[in-house]
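Chemist: Pasting the sequence and the predicted coordinates here, then a few questions.
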Amino acid sequence: MSSFCQTDIFKPNFFFWKCFGIWGGRTENKNYKYYSFSYLFVTLFVFNILLTINLIYTPLKIESLIREVIFYFTEIAITVKVLMILVMRSKILDVLNLLDCKEFQGDDEESKQIIETNHSFYRTCWELNAVLSNISFASNVFAPLFINLIWTAKIEFPVCKYYFLSDEMRDKYFIFWFIYQSIGIYGHMMYNVNVDSFIAGLLLMAITQLKVLNAKFTNFKLEKRHEKHHILIQNKIQMLRLNRYLKHYDCVLRYCETIQDLLSVTMFVQFGMASAIICVIMCGLLLPSTTETFVFMLTYFFAMTMQIFVPAWLGTQLSHESCGLVFAAYNCEWIPRSMSFKRSIMIFVERANNPIQLTGLKMFPLSLATFTSIMKTAYSFFTLFRNLQDHDDGAN
């Protein structure tokens with residue numbers, strides 16, 4: 001199996017980051033900085049200002065507020081993700097350099113097979129996510145245009161209604177605002193797809209390296225071709241192998257520490273905004289709505305749930321694999337080895353007893369327990385709102 005760089009799996013992410021003005025490669029040039037500033041100013045900064053003004057002018061009716069609040073909370077999360085790429089550029093480069101270090105490349109067929117399997121899994125998930133997101137965008141933007149051509153139905157803006165505009169201004173420049181919102185929301189959708197998948201990929205790469213280490217320690221036996229050597233030579237051979245594995249583990253720890261620094265704030269905001277959106281949508285589902293609105297809220301609910309489920313699930317897998325190193329180290333052939341070998345194994349086991357756990361702003365772990373807690377809280381909020389609604393209906 002040919003050697004490959006771990007960072008190659010992120011080439012699609014980097015390509016779209018570059019197209020949409022947030023990543024100029026490992027070395028940025030001046031012309032790209034001008035393009036990036038201009039593009040982000042028009043499609044992100046101005047876009048969010050207009051979205052904020054729109055929210056202020058939105059009628060104080062829950063039916064009108066729900067859609068505007070959903071998009072506004074989503075924009076907060078997207079903006080933080082974009083800022084992460086722009087502001088934490090040095091951290092991202094540190095992560096990429098760690099991924100490309102020789103310890104992460106795999107030095108045997110089993111390790112390379114584990115790495116390649118997870119690479120293929122990541123590529124498949126990215127392609128599926130990109131396809132579904134583009135289908136969703138097309139159904140939200142282009143489908144109403146076709147419906148209008150066939151049945152001459154009224155077309156709404158794809159994101160928000162810009163309540164701060166007068167009806168005359170909205171109708172006069174409808175095509176301009178429609179195109180502007182469509183271009184803006186497509187770029188934001190691609191930010192979401194490629195930053196979210198990048199974050200998931202970073203977590204998946206950490207899990208992959210822990211799986212490789214688990215396999216190495218589990219199969220840490222003296223090779224048959226070395227059994228004829230003297231016991232001192234055998235100990236030296238195994239000690240050299242152990243030192244390579246411990247160096248690999250140290251690289252994994254540094255990698256996880258770096259992605260913790262990179263993702264801490266972003267994960268806090270993403271979990272917070274997604275939780276708020278889930279609560280809003282669940283309340284919105286109780287209100288009378290059209291079929292189109294109901295389908296929109298249901299699909300958005302699923303998307304927001306997946307945005308917190310995926311990192312929570314990967315965070316749990318990361319902790320699980322790191323805990324598995326203790327059992328794997330115990331399974332290695334340590335009994336006939338030297339005292340220095342046994343001491344090194346004991347120190348390693350003591351460290352591995354503390355599982356690797358990533359957090360959001362050091363306030364909550366990325367785990368399925370956190371995801372479950374969020375969903376329970378959202379359901380409690382939903383139940384409270386339903387009871388209040390039933391009480392008001394009974395009073396009337």
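Modeler: In hand now; what should we look at?
Chemist: could you point out which element follows the top helix by length along the chain?
Modeler: Longest helix in the chain by number of residues, with DSSP state H as the criterion: helix 231-284. As assigned by DSSP states H and E, the chain's next helix or strand after helix 231-284 is helix 291-331.
Chemist: And the pLDDT for residue 190?
Modeler: pLDDT, the model's per-residue confidence, is 95 for residue 190.
Chemist: Verify the stated contact: it with residue 16.
Modeler: Yes. Residue 190 lies in contact with residue 16 (CB atoms under 8 Å); the separation is 5.2 Å. From N, CA and C alone the C-beta is placed, and that goes for glycine too.
Chemist: From the centroid of the chain, which residue is nearest?
Modeler: Geometric centre of the chain, nearest residue: residue 196, 3.1 Å, by CA atoms, centre = their mean.
Chemist: List the contacts of that one.
Modeler: 81, 129, 307, 310 (CB atoms under 8 Å, 6 or more residues apart in numbering).
Chemist: how near is the second one to residue 310?
Modeler: Computed as CB to CB, to the nearest Å, the residue 129 to residue 310 distance reads 10 Å.
Chemist: about what we covered before: remind me what the longest helix of the chain packs against, helices and strands.
Modeler: helix 62-87, helix 89-99, helix 174-218, helix 291-331, helix 339-352, strand 359-360, helix 368-395 (3 or more CB pairs under 8 Å, 6 or more residues apart in numbering; DSSP states H and E).
Chemist: Switch those over to TSV; also include distance to residue 285.
Modeler: Compiled in TSV, those are given as follows (distance: least, CB to CB, whole Å):
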stretch	distance to residue 285
helix 62-87	10
helix 89-99	38
helix 174-218	23
helix 291-331	6
helix 339-352	45
strand 359-360	27
helix 368-395	8
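Chemist: Now do the residue nearest to the centre of the chain, the pLDDT please.
Modeler: For residue 196, the predicted pLDDT is 95.
Chemist: Now do it against residue 354, distance only.
Modeler: From residue 196 to residue 354 the distance is 28 Å (CB to CB).
Chemist: For this structure, give me the ranges with low pLDDT.
Modeler: 1-4, 153, 222-230, 389-396 (pLDDT under 70).
Chemist: repeat that with 80
Modeler: 1-4, 28, 62-63, 143-154, 221-235, 237, 287-293, 385-396 (pLDDT under 80).
Chemist: Residue 190: how many residues sit nearby?
Modeler: For residue 190, the neighbour count with other CB atoms under 10 Å is 19.
Chemist: And it, how close does it get to residue 11?
Modeler: Taken as CB to CB, the span from residue 190 to residue 11 is 15 Å.
Chemist: Show me which residues of stretch 113-127 are buried.
Modeler: 114-115, 118-119, 122-123, 126 (16 or more other CB atoms under 10 Å).
Chemist: residues making contact with that stretch?
Modeler: If you take CB under 8 Å, 6+ apart as the criterion, stretch 113-127 is touched by 1, 4, 6, 8-9, 12-13, 105-106, 193, 197, 200-201, 204-205, 207-208, 211-212, 215.
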